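1. My questions concern the predicted model and sequence given below.
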Amino acid sequence: MSAETIVVAGAGQAGGWAVKTLRGEGFTGRIVLVGDEAHPPHERPPLSKAVLAGTAEPHSTHLFKQDAYAELGLDIRAGMAVAAIDRSSRTVVLTNGETIAYERLILCTGSAPRKLGVPGAESPRLHYLRTIDDALLLRPRLAPSAHLIVIGAGWIGLEVAATARKRGASVTVIEPLSRICARAAPPEISEHLLRLHERQGVAFRLGVGVAAIEDTVDRVVVTLSDGTSMRGDAAVAGIGIMPNVAVARAAGLEIDNGVIVDERTQTSDPCVFAAGDVANMPLGCLGARVRLESWANAQNQAIVAGKAALGKEARYDELPWFWSDQYDLNLQMLGVPARWSEPVVRGTLGSESFSLFYLEGESIAGIVAANAPRDLRAAKRLMQQRKPVRAEDLANPTMNLAKL
């Protein structure tokens, strides 16, 4: 394998773990890491938290220390991207016009923020948060006297709202649906998060969308679908993300809400693999095909991709895991909430610490743990081992779940 070239398209968390895995598995050939950001591979969760708050700087998010790059021996192309893939000749063309031949290609192209499609959406006071540069641009806007308008009450919007309030800015959140985090969390958690943010002084406008955005001399004016408007020093939109599949689609790879891959991360081309936000993969533990947008998925799926690209036996079948920190709340979730029914409550719903278990028969299908990491760890083991459980045991706060 020493004479081979592997190209990794995308230098985020998935791309970083893919190249680390290639070297860790003994690959001694050329690795070309192509990333459209000027920054080295890094983790994104801190961008809406510590980096945005100013309590951490961008270098703290980097996956590897600077001296590790010499050991990895990477051919890094920062500030550019793969513009085209020619599968017949096994070459990629970069945005600077350079052509690179590959034996294997790993797509870690991630995703991009969904943009608002309303008049005035090009306003320089309207921000999106996806990259280190995005966080550094938004950070000065969160001054104690500032008013931040958050458009979208999903995870990113709520984390930005929490960070802004901790820095002293006033915050109004606009959400067109009737409850916050409606697509990603069960109703009980939506209500808990709403009350948490309201206690911290966040104002909400639910059930109303954005109709237009307008700049004045020193403010941004957001007009809502009900005809009302509000002024802010800045606005940030967190209305979802879209997988970056344009280059893969143009190359003729199978696309459906992401790049279609198998459990080995292999695409419809046996020489091309995909991992992270961009990959749509079957998960045996769910019995469904999903595209996951999470820190854990980007890392662990990329590890499988690195091994599979070397022809090693590796398959991905991990329970979806997501976490969010807002104020003093650590929220962790295992499973896919769209599949869940009424929860079994452990502790007191809405208190400082509680867990919600979701059952399918006698099996745990998912859990949401609010400041209850031990419950989540025990539930994960029970789910992985497919052990039957009783609702009354889960709900009993005196029951040591680890003993189950």
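-> It's in. Residues are numbered from 1 along each chain as shown.
2. where in the chain is pLDDT low?
-> Scanning the chain for pLDDT under 70 picks out 1-3, 337-340.
3. how does it divide into domains?
-> 5-112+241-309, 115-237, 340-403 (automatic domain parsing).
4. possible to save these as JSON lines with mean neighbour count and distance to residue 326?
-> Where you see a C-beta, it was placed from the backbone N, CA and C, and this is true even at glycine. JSON lines is the format used below for the domains of the chain (neighbours: other CB atoms under 10 Å; distance: least, CB to CB, whole Å):
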{"stretch": "domain 5-112+241-309", "mean neighbour count": "20", "distance to residue 326": "9"}
{"stretch": "domain 115-237", "mean neighbour count": "18", "distance to residue 326": "4"}
{"stretch": "domain 340-403", "mean neighbour count": "17", "distance to residue 326": "10"}
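5. For the longest helix seen in the chain, enumerate the helices and strands it packs against.
-> Criterion DSSP state H: the longest helix present in the chain is helix 295-309. For helix 295-309, the elements it packs on are helix 13-24, strand 104-107, strand 272-274, strand 321-326, judged by 3 or more CB pairs under 8 Å, 6 or more residues apart in numbering; DSSP states H and E.
6. so who does residue 276 touch?
-> Residue 276 makes contact with 10, 12-15, 108-110, 297-298, 301-302, according to CB atoms under 8 Å, 6 or more residues apart in numbering.
7. 10 Å instead?
-> 10, 12-15, 17-18, 106-111, 243-244, 258-259, 265, 291-294, 297-302, 305 (CB atoms under 10 Å, 6 or more residues apart in numbering).
8. Could you do residue 88 as well?
-> 251-252.
9. ok so, going back, so which of the helices and strands packed on helix 295-309 is nearest residue 90?
-> strand 104-107 (7.7 Å; CB to CB).
10. which stretches of this structure form helices?
-> Counting by DSSP H, the helices of the chain are 13-24, 50-53, 68-72, 132-138, 155-166, 187-199, 246-250, 295-309, 373-385, 391-395.
11. what angle do the longest one and strand 321-326 make?
-> Between helix 295-309 and strand 321-326, the angle formed by their directions is 150 degrees, by axes from the mean of the first three to the mean of the last three CA atoms, to 10 degrees.
12. Residue 313 against residue 264, yeah?
-> Yes - at 8.5 Å, residue 313 counts as touching residue 264 under the criterion of CB atoms under 10 Å.
13. hmm, back to that, export the helices and strands packed on helix 295-309 to TSV and tack on distance to residue 43?
-> What follows is the helices and strands packed on helix 295-309, written out as TSV (distance: least, CB to CB, whole Å):
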stretch	distance to residue 43
helix 13-24	6
strand 104-107	19
strand 272-274	20
strand 321-326	12
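14. so residue 151 bridges to which residues?
-> Beta bridges link residue 151 to residue 174, residue 237, judged by DSSP bridges.
15. That one contacts residue 235, doesn't it?
-> Yes - the pair residue 151 and residue 235 passes the contact test of CB under 10 Å, sitting 6.1 Å apart.
16. right, so of the domains of the chain, which gets closest to residue 328?
-> When the domains of the chain are ranked by proximity to residue 328 (CB to CB), domain 340-403 comes first, at 7.8 Å.
17. now that closest one: how far from the chain's centre is it?
-> Distance of domain 340-403 from the chain centroid (CA atoms, centre = their mean, to the nearest Å) equals 24 Å.
18. got it, and stretch 144-156?
-> Worked out by CA atoms, centre = their mean, stretch 144-156 lies 18 Å from the chain centre.
19. again with stretch 281-289
-> 19 Å.
20. likewise stretch 104-124?
-> 14 Å.
21. hang on, the earlier thing: output the helices of the chain in a markdown table, with distance to residue 5 appended to each entry.
-> Listed next are the helices of the chain as a markdown table, based on distance: least, CB to CB, whole Å:
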| stretch | distance to residue 5 |
| --- | --- |
| helix 13-24 | 11 |
| helix 50-53 | 34 |
| helix 68-72 | 15 |
| helix 132-138 | 28 |
| helix 155-166 | 36 |
| helix 187-199 | 46 |
| helix 246-250 | 18 |
| helix 295-309 | 12 |
| helix 373-385 | 37 |
| helix 391-395 | 51 |
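22. Good, wrapping up.
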